[in-house]
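[1] Quick one, what's the 3D model for this:
(one chain, ligands or ions: 2)
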Amino acid sequence: MTKKEQLYEGKAKKVFATDAPELLIVSYKDDATAFNGLKKGTIVGKGVINNRMSNLLMQKLEKAGIPTHFVEELSERETLVKKVSIIPLEVIIRNIAAGSFSKRYGVDEGFVFETPTIEFSYKNDELGDPLMNEYHAIAMKLATQEEIETIKKYAFAINEQLKAFWAECGVILVDFKLEFGKLLDGTIVLADEISPDTCRLWDRKTGEKLDKDRFRRDLGGVEDAYAEVMKRLNEHI
Ligand code: ADP
Ligand code: UDP
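    Ligands and ions are numbered 1, 2, ... in the order given. Prediction:
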């Protein structure tokens, strides 16, 4: 597969065209941002970890019947994926209160929910990814009712798979963000990435944060946390 022109450079990844119109190459960077790009930094080795972790988890999800964009890992930082038209919704699943949920609703971080929750944010950096309900998303033609139903079904199924897997690794899956996209024939697939950038992962024994909150909150030990979750994943995958 030949890498062609760069189509896009985002906050965490670059996207390249290939000689196949239906395939893209994503390249994972070490750049880290938080608070809608206000905080910038580097997490050394993050791109390599996120690439590998996302690919291993997506292959696991495929085995469980969830379609993903994953095609082939090309190198430490680069992966071949199916090109999708991204549905501009950040799909957030939560098992435990944290981050913006705790702030918005005044709930202590760590409060365990009775059932997992889902919420959508409109993926729009200029607007700061505002919360959006599914009626708004349908009204704005971001997705159809049927597509929203499919996304919800997949998102909760992904939660069950990932929660169980991380539990085997001694890690609590607190919350995470997913992005879905559409193939040319309209099929909805999981896209983007699943990594410590997009999930909150807490050590079961110590409660230690093993994710991007270490960077967001200046907790130190950021690289070590990414390396630790990658090690646990490798031991249990
Ligand atoms: P951001 O755009 O939020 O800064 P990234 O740096 O991760 O994020 O950039 C990757 C971009 O590629 C994102 O906008 C994401 O929605 C998009 N993307 C992820 N997977 C695919 C795919 N399979 N096809 C097309 N676009 C994708
Ligand atoms: N998240 C993400 N990208 C975003 C916003 C959130 O990957 O643009 C992830 C975040 O890592 C966490 C979950 O989604 O695992 C829920 O994040 P929250 O809404 O609590 O926002 P935050 O506190 O990160 O601003």
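
[2] and the residue of the chain found nearest ligand 1, what pLDDT?
    For the chain, the residue closest to ligand 1 is residue 10, as judged by CB to the nearest ligand atom, at 2.2 Å. In short, each C-beta sits where N, CA and C put it, glycine included. pLDDT recorded at residue 10 is 97.

[3] ok, whatever residue of the chain ends up closest to ligand 2 - how many residues close by?
    Proximity of the chain to ligand 2 (CB to the nearest ligand atom) peaks at residue 99, 2.4 Å away. Here the number of neighbours of residue 99 (other CB atoms under 10 Å) works out to 16.

[4] That one touches residue 200, doesn't it?
    Yes. Here residue 99 reaches residue 200: they are 7.0 Å apart, a contact under CB atoms under 8 Å.

[5] joint contacts of the two?
    175, 213 (CB atoms under 8 Å, 6 or more residues apart in numbering).

[6] which ones are touching the closest residue to residue 35 other than its chain neighbours?
    Nearest non-adjacent residue to residue 35, counting by CB to CB, 6 or more residues apart in numbering: residue 216, 7.3 Å away. The neighbours of residue 216, taking CB under 8 Å, 6+ apart as the test, are 34, 35, 39.

[7] Out of those, which end up buried?
    residue 34 (16 or more other CB atoms under 10 Å).

[8] Restricting to the contacts of residue 216, which residues neighbour ligand 2?
    Among the contacts of residue 216, none lies close to ligand 2 by the criterion of CB under 6 Å from any ligand atom.

[9] Kindly present the contacts of residue 216 as TSV, with separate columns for pLDDT.
    Output for those, formatted as TSV (pLDDT from 0 to 100):
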residue	pLDDT
34	97
35	94
39	98
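
[10] The longest helix anywhere in the chain - contacts with which helices or strands?
    The residue-count maximum for a helix in the chain (DSSP state H) belongs to helix 145-168. Packing partners of helix 145-168 (3 or more CB pairs under 8 Å, 6 or more residues apart in numbering; DSSP states H and E): helix 46-63, strand 89-96, strand 112-122, helix 134-139, strand 171-182, strand 188-191.

[11] Which strands or helices does the second one pack on?
    Translated: strand 89-96. strand 112-122, helix 145-168, strand 171-182.

[12] Out of the ones you listed, which one sits most buried?
    Most buried of the helices and strands packed on strand 89-96, by mean neighbour count (mean count of other CB atoms under 10 Å): strand 171-182, with a mean of 22.

[13] in its sheet, what does that strand sit against?
    Strand 171-182 pairs in its sheet with strand 85-86 (antiparallel), strand 89-96 (antiparallel), strand 188-191 (antiparallel), strand 199-203 (antiparallel), by DSSP bridges.

[14] Out of the ones you listed, flag the one nearest residue 24.
    Residue 24 lies closest, by CB to CB, to one member of the strands paired with strand 171-182: strand 188-191, at 9.9 Å.

[15] what's near enough to touch residue 202?
    171, 172, 174, 208, 209, 210.

[16] With residue 210 as the reference, measure out to the residue lying closest to it once chain neighbours are set aside.
    Take residue 202 and drop its neighbours on the chain: the residue closest to it by CB to CB, 6+ apart is residue 172, 4.5 Å away. Counting by CB to CB, to the nearest Å, the gap from residue 172 to residue 210 is 9 Å.

[17] do residue 200 as well
    9 Å.

[18] the more surrounded of the two?
    Higher neighbour count among residue 200 and residue 210: residue 210, with 26 against 22, using other CB under 10 Å.

[19] The more buried one contacts residue 171, correct?
    Yes. Between residue 210 and residue 171 there is a contact at 6.6 Å, judged by CB under 8 Å.

[20] residues from the protein in reach of ligand 2?
    For the chain, the residues in contact with ligand 2 (CB under 6 Å from any ligand atom) are 90, 92, 98-101, 129, 175-177, 198-200, 212.
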